[in-house]
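> next input, structure requested:
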Amino acid sequence: MEQLLATPLTQWHRDNGAKMAPFAGFDMPVQYKGIMVEHKHTRMETGIFDISHMGEFLLSGPGAMNALNKVVTHDLGTLAPGKCRYGFMLADDGGILDDLIIYCLEKDSYMLVVNGACRENDFNWIKKNIPADLNFRDVSDDTAKIDVQGPTSLAVLNDVMGIKWNHLKYFNFEEIEWNGFKLIVSRTGYTGELGYELYLPADKALETWEKLMADERTMPVGLGARDTLRLEAGYPLYGQDLDIAHTPVEANAGFFLKKESEYIGKSGLGKVREKLVPLVIEGRRTARHHDEVLLDGKKVGMITSGSFAPTLGCCLALAYVTAEAEDNEAFTIKTARTELEARKGSLPFHTKGTARMKVD
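Numbering: from 1, shown residues only. Okay, here's the model as predicted:
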């Protein structure tokens, strides 16, 4: 039996009735009061997420920017201190090794936030492809991550921390000292709503979590609602919608690839075999990962993510289909029990979120 890892908050989740399940090698909360309840609360108030399974790396030293710039798709030459950026790390043939956010702490100093399941492989890949004299460390075990997401998240953060965060713009961050320890507060998010992330010492996670939980506007949210929220917002999940078998162009994320300079995998981006398409299915019967996508009775693709969307009252899915089938507007999905009719949608599925809103 696999020995699951614990986050600094795992015992709190157990003590508070969370349904637990394995995720990225960790014992993680799937739900507390229920996926529907937690989803709707995050859309209306503030959901609090334990994302401490994510990996964090620190890279610094003279030449760090130029070295890392050759390993990732992010244009680090235009990333100023205090700003962060989403992008990819690619294999030699352009397949996606991981999607990640890079934080510019100062000149030639970065924090990389990677998916927990990719942590070891990512660290080894980067280490292999940068000069040995750079300071490169995996600080994941010492770092906790708490996400604060929802329309009232700014008010909650202001009140709980006693600091006004109205000035913090989308994909910006600040490193501060609060309650006697240093932490990073950033504004990105994975729900489509206004949201903030706290990166803090692992041994300070419980006291910070409990302060957030004491606010009546907050509710703990598990991985179940995190998945339905991110799908409504059109965000892909690594290991399902993103993988080494597909390039960012095939994943419909080519608009992130604006850097003109060379980087690992760039030469493989021109080959497009499949495209990731958004699908809408009326009713409550949903498609699941690996269900076949048919066109005129012929298999043209496969579902990568699928779920009922509580906000929209229908089912949503993402699927890879052949490049030749991409422009079609209607598909049939073959599930284990039946066939479902699906129409091509547009991303994001849910557009009422406030992630990019001006709050100052």
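
> could you measure from residue 60 over to residue 103?
12 Å (Cβ to Cβ, to the nearest Å). Backbone N, C-alpha and C define where each C-beta goes, glycine included.

> what's the answer for residue 335, then?
41 Å.

> more neighbours, these two?
Shown here are residue 335 and residue 103; by other Cβ atoms under 10 Å, residue 103 has more neighbours (25 against 15).

> residue 110 is in contact with that one, correct?
Yes. Between residue 103 and residue 110 there is a contact at 6.4 Å, judged by Cβ atoms under 8 Å.

> SS state for the residue positioned nearest the centre of the chain?
Central residue of the chain (Cα atoms, centre = their mean): residue 190, 5.3 Å from the mean position. Secondary structure, DSSP: H, G, I helix; E, B strand; the rest coil: residue 190 is coil.

> what residues are up against it?
147, 149, 226, 229-230, 233, 235 (Cβ atoms under 8 Å, 6 or more residues apart in numbering).

> distance of it from residue 217?
For residue 190 relative to residue 217 (Cβ to Cβ), the value is 19 Å.

> same deal with residue 96?
In terms of Cβ to Cβ, residue 96 sits 36 Å off from residue 217.

> okay, the two: which has more neighbours?
Taking other Cβ under 10 Å, residue 96 and residue 217 do not tie; residue 96 has more neighbours (25 against 17).

> mind listing what the nearest residue to the more buried one once chain neighbours are set aside touches?
Sequence neighbours aside, residue 242 is the residue nearest to residue 96 in space, at 4.9 Å (criterion: Cβ to Cβ, 6 or more residues apart in numbering). By Cβ under 8 Å, 6+ apart, the contact set of residue 242 is 96, 99, 236, 251.

> could I get the residues you listed as CSV with distance to residue 118?
As requested, the contacts of residue 242 are exported to CSV (distance: Cβ to Cβ, whole Å):
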residue, distance to residue 118
96, 10
99, 9
236, 14
251, 15
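
> and residue 118, what's its pLDDT?
pLDDT recorded at residue 118 is 97.

> which SS class is it?
Classified using three-state DSSP, residue 118 is helix.

> run through the residues that contact it.
55, 97-98, 238.

> could you redo the last one with a cut-off of 7 Å?
97-98, 238 (Cβ atoms under 7 Å, 6 or more residues apart in numbering).

> same thing with residue 102?
With Cβ under 7 Å, 6+ apart, residue 102 has these contacts: 72, 74, 79, 84-85, 87, 110, 112.

> sorry, back to before: just among the contacts of residue 242, which is most surrounded?
Scoring the contacts of residue 242 on neighbours with other Cβ under 10 Å, the highest-scoring entry is residue 96 at 25 neighbours.

> beta partners for that residue?
residue 90 (DSSP bridges).

> residue 27 too?
residue 22.

> wait, it touches residue 3, no?
No. The pair residue 27 and residue 3 does not pass the contact test of Cβ atoms under 7 Å, sitting 9.6 Å apart.

> looking only at neighbour counts, state which of those two leads.
Neighbours per residue, other Cβ under 10 Å: of residue 27 and residue 3, the larger number sits with residue 27, 20 against 6.
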